[in-house]
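# Quick one, structure for this:
(2 chains)
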Amino acid sequence: MSTNPNTATPAAKLKIAKYWAASCGGCDISLLEIGPNLLELIKIADVVFWPCAADFKYEDVRNYPDGYIDLCFYNGGIRNSEQEEVARLLRRKSKSLVAYGQCAADGGIPALANLKTVKGIFNASYHDNPSIDNPAGVEPQPVTPSEYGDLEIPRFYPQVLRLKDVVPVDYEIPGCPPQSDRVWEAILALAGGQVPLQNRNVKVACFDKAVCDECKLEKRQVRIKEFKRVHTSIPEPNWCLLEQGYLCVGPATRSGCGALCPQAGMPCEGCYGPAGDVVDQGTAMVSAIASMLDARTEEQAQAMIDQIADPVGTFYRFTLGSSHLKARK
Amino acid sequence: MSEPANTASTDTRPAAGPDWQPRIIGFLCYWCSYTGADMAGTARMKYPPNVDIIRVMCSGRIDPELVTTAFARGADGVLVCGCHIGDCHYITGNHKTMARMPLLKRILLDLGIEPERFRHEWVSAAEGEKFSKLVAEITEQVRRLGPLDWPGLMRTRGVGHGMDLKAWGE
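Alright, predicted model coming up:
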């Protein structure tokens, strides 16, 4: 008898799928990074759709019955209409849809484009850049007439959306990219039936506490005297980077990575998204930084704040898409 | 260069009607600013009714997230008031505010929210007149800028347009 509620019979294999939308492809690699466990994975699961690794077409997915896929990992944000169409298709065909990686979960790096207009993005991509040679000023058109009929390309959206902005999502795996050990644990939990396939926006493969909780650097309880950047000075080892003045987003960032960056002398960039129940990572970081400044007057505080080069890009680097405001007006 | 043809329209919201009134959220600290607003009331000073006041125990308690939430949920402006530096009932509560709010202001500016929509001022318990003038000022400034309507803006850009869909098995 089956004791695993997530498969039909004990012998039945899980059907998994993976799709790549607006992201860099690092998420596909992070799944491959589970290494020898890939052999374990193919023992318990069949891949039924994974454009990056196997030759499946959208048509194959359309021909599957609804709910055919048990576990679907969707990485990347929604930048154009094709990505939304596939998200809706995979939602219909999947029992469990997992937003895999920071772009699908919180918008990630692509969502920083929300600070620019579509016009500005097109200008930078097709017209005004040293590496561009486009004397005719050609831009991709959504519809191009040809002798075989009208050819269409996906529509470019005005802003990058998260997966859960366009379809209901069961689980989210944060991280840029997600750490493979955590991912493997999550896959085993889902495949083994310890957690149900259906849920709503539950973050897995990470912890609730902040990165600081995992970081071993020493806190000396001093206030920030001035802000520094990694390309202008070298941090003192074994001392909290934030206290030294490097903008480490660890206090506002979810743990699960093992605090790899700060312990190697690189300030946390916040790739696991907001910690705990926090929604808006950037304002959480504003709050944390501002209470650590060594400033006694408003003028001193203002002078220190002026040293921060790019507050939105630093505090919302991976989460602009899930912040309260989400985009530039 | 003309607008790229590949662009979905970004702003299809209807223009504000003549009856539109600015909606401003005011976060006031209990010990000074709220008492100052109270004083403006007891002294029967006249000021516009557009600021919805939320009383908090200290301006140091005003997480910047509260301000962004207010804008994201449809406020046209936000006003943050606390005790003058040195007057904080909790000694250093407003020292945190004095660093948080200017930093938040830079973020709001980068996100395209006009600086006039977000004011951060110190109002003591005796400054009822300053408070009434402040409210009149920010109301007038926001009225001139027109509605912000962030929820409407996000809807026109597609946020949440798949929420009619159901997950498998629902």
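# switch to C-alpha atoms for all contacts and neighbour counts from now on
OK.
# Count the neighbours of residue A:106 for me.
The number of residues packed near residue A:106 is 32, by other C-alpha atoms under 10 Å in any protein chain shown.
# Let me know whether it touches residue A:317 as I believe.
No: taking contacts as C-alpha atoms under 8 Å, residue A:106 lies outside contact range of residue A:317: 10.3 Å.
# any common contacting residues for these two?
Overlap of the contact sets of residue A:106 and residue A:317 (by C-alpha atoms under 8 Å, 6 or more residues apart in numbering or on different chains) is empty.
# I'd like to know how far the spatially most central residue of chain A sits from chain B.
Nearest to the mean C-alpha position of chain A, counting by C-alpha atoms, centre = their mean, stands residue A:102 at 0.9 Å. Counting by C-alpha to the nearest C-alpha, to the nearest Å, the separation of residue A:102 from chain B is 17 Å.
# Over to residue B:80: give its phi and psi.
The phi and psi values for residue B:80, taken as degrees, to the nearest 10, are phi -120, psi 120.
# Same question for residue A:124.
When read as degrees, to the nearest 10, the backbone of residue A:124 gives phi -70, psi -30.
# Now do the same for the residue of the stretch 201-329 of chain A found nearest chain B: its pLDDT.
Closest residue of the stretch 201-329 of chain A to chain B, C-alpha to the nearest C-alpha: residue A:328 (4.1 Å). What the model reports for residue A:328 is a pLDDT of 91.
# same question, residue B:130
pLDDT, residue B:130: 96.
# Next SSE downstream of the host helix or strand of it?
Element membership for residue B:130, per DSSP states H and E: helix B:128-145. Next helix or strand after helix B:128-145 toward the C-terminus (DSSP H and E): helix B:150-156.
# related to what we said a few turns ago, what's the neighbour count on the residue of the stretch 201-329 of chain A closest to chain B?
Residues near residue A:328, counting by other C-alpha under 10 Å: 18.
# same question, residue A:309
The tally of other residues near residue A:309 (other C-alpha under 10 Å) stands at 11.
# so which strand or helix has it?
Per DSSP H and E, there is no helix or strand for residue A:309.
# And the residue in the stretch 101-250 of chain A positioned nearest to chain B, how far from residue A:49?
With C-alpha to the nearest C-alpha as the measure, residue A:166 is the residue of the stretch 101-250 of chain A nearest to chain B, at 4.1 Å. As for residue A:166, its distance to residue A:49 is 21 Å (criterion: C-alpha to C-alpha, to the nearest Å).
# mind listing what's buried in the lowest-mean-pLDDT helix or strand in chain B?
Ranking every helix and strand in chain B by mean pLDDT, DSSP states H and E puts helix B:150-156 at the bottom, with a mean of 89. Within helix B:150-156, the residues scored as buried using 16 or more other C-alpha atoms under 10 Å in any protein chain shown are B:150, B:151, B:152, B:153, B:154, B:156.
# Please go through those and note which also touch chain A.
Contacts with chain A within the buried residues of helix B:150-156, as defined by C-alpha under 8 Å from any C-alpha of the partner chain: B:150, B:153.
# Residue B:141: which of the buried residues of helix B:150-156 is nearest?
Nearest to residue B:141 among the buried residues of helix B:150-156, counting by C-alpha to C-alpha, is residue B:150 at 17.8 Å.
# What's the local residue count around residue A:220?
10.
# list the contacts for it?
Counting by C-alpha under 8 Å, 6+ apart, residue A:220 touches A:239, A:240, A:243.
# what separates it from residue A:266, distance-wise?
As judged by C-alpha to C-alpha, residue A:220 and residue A:266 stand 18 Å apart.
# Could you name the helices and strands sitting against the helix holding residue B:130?
Contacts defined by 3 or more C-alpha pairs under 8 Å, 6 or more residues apart in numbering or on different chains; DSSP states H and E place helix B:128-145 against helix B:33-42.
# Tell me which helix or strand comes right after the helix it packs on.
In the C-terminal direction, the helix or strand that comes right after helix B:33-42 (DSSP H and E) is strand B:51-56.
# out of the buried residues of helix B:150-156, what pair is the most spread apart?
B:150 and B:156 (9.9 Å).
# Can you get me a residue count around the closest residue to residue B:56 other than its chain neighbours?
Using C-alpha to C-alpha, 6 or more residues apart in numbering or on different chains and skipping residues adjacent in sequence, the residue nearest residue B:56 is residue B:29, 5.1 Å away. Other residues within reach of residue B:29 by the criterion other C-alpha under 10 Å amount to 29.
# again, but for residue A:233
That count, for residue A:233 with other C-alpha under 10 Å as the rule, works out to 9.
# Go through stretch A:80-97 and flag the buried ones.
Quick answer for stretch A:80-97 (16+ other C-alpha under 10 Å): A:80, A:83-84, A:86-97.
# as a whole number, average confidence for that stretch?
Mean predicted confidence for stretch A:80-97 is 94.
# Then stretch A:61-71?
Averaged over stretch A:61-71, pLDDT sits at 95.
# Can I get that stretch in CSV, CA atoms only?
Presented in CSV, the C-alpha positions along stretch A:61-71 are these (Å, rounded to 0.1, in the frame of the first residue of the first chain):
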residue,chain,number,x,y,z
VAL,A,61,3.0,20.0,-22.3
ARG,A,62,-0.3,21.0,-23.9
ASN,A,63,-1.0,17.4,-24.6
TYR,A,64,-0.5,16.3,-21.0
PRO,A,65,-3.8,15.9,-19.0
ASP,A,66,-4.4,18.6,-16.3
GLY,A,67,-2.4,17.9,-13.1
TYR,A,68,-0.1,15.5,-14.9
ILE,A,69,3.1,17.0,-13.6
ASP,A,70,3.6,16.5,-9.9
LEU,A,71,6.3,19.0,-9.2
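# Make sure residue B:120 is indeed in a strand.
Yes: under DSSP: H, G, I helix; E, B strand; the rest coil, residue B:120 falls within a strand.
# so what are the domain limits for chain A?
What automatic domain parsing lists as the domains of chain A is A:14-110+A:159-203, A:118-152, A:211-322.
# which bits of the stretch 151-300 of chain A sit near chain B?
Taking C-alpha under 8 Å from any C-alpha, the part of the stretch 151-300 of chain A that reaches chain B is made up of A:155-159, A:161, A:164-170, A:198, A:280, A:283-284, A:286-287, A:290-291, A:293, A:296-298.
# Could I have the buried ones of those as PyMOL selection syntax?
A single PyMOL command selects the buried members of those (16+ other C-alpha under 10 Å):
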select buried, chain A and resi 155+156+157+158+159+161+164+165+166+167+168+169+170+198+280+283+284+286+287+290+291+293
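# coming back round to it: out of the buried residues of stretch A:80-97, which touch chain B?
Restricting the buried residues of stretch A:80-97 to those within reach of chain B (C-alpha under 8 Å from any C-alpha) leaves A:91, A:92, A:93, A:94, A:95, A:96.
# Just to be sure, which of those are found in strands?
In strands, defined here by DSSP state E, the members of those are A:94, A:95, A:96.
# Would you reformat those as TSV and include distance to residue B:146?
TSV is the format used below for these (distance: C-alpha to C-alpha, whole Å):
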residue	distance to residue B:146
A:94	45
A:95	46
A:96	44
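# Buried residues, the helix or strand encompassing residue A:302. List them.
Assigned by DSSP H and E, residue A:302 belongs to helix A:298-306. For helix A:298-306, burial by neighbour count (16+ other C-alpha under 10 Å) applies to A:301, A:302, A:304, A:305.
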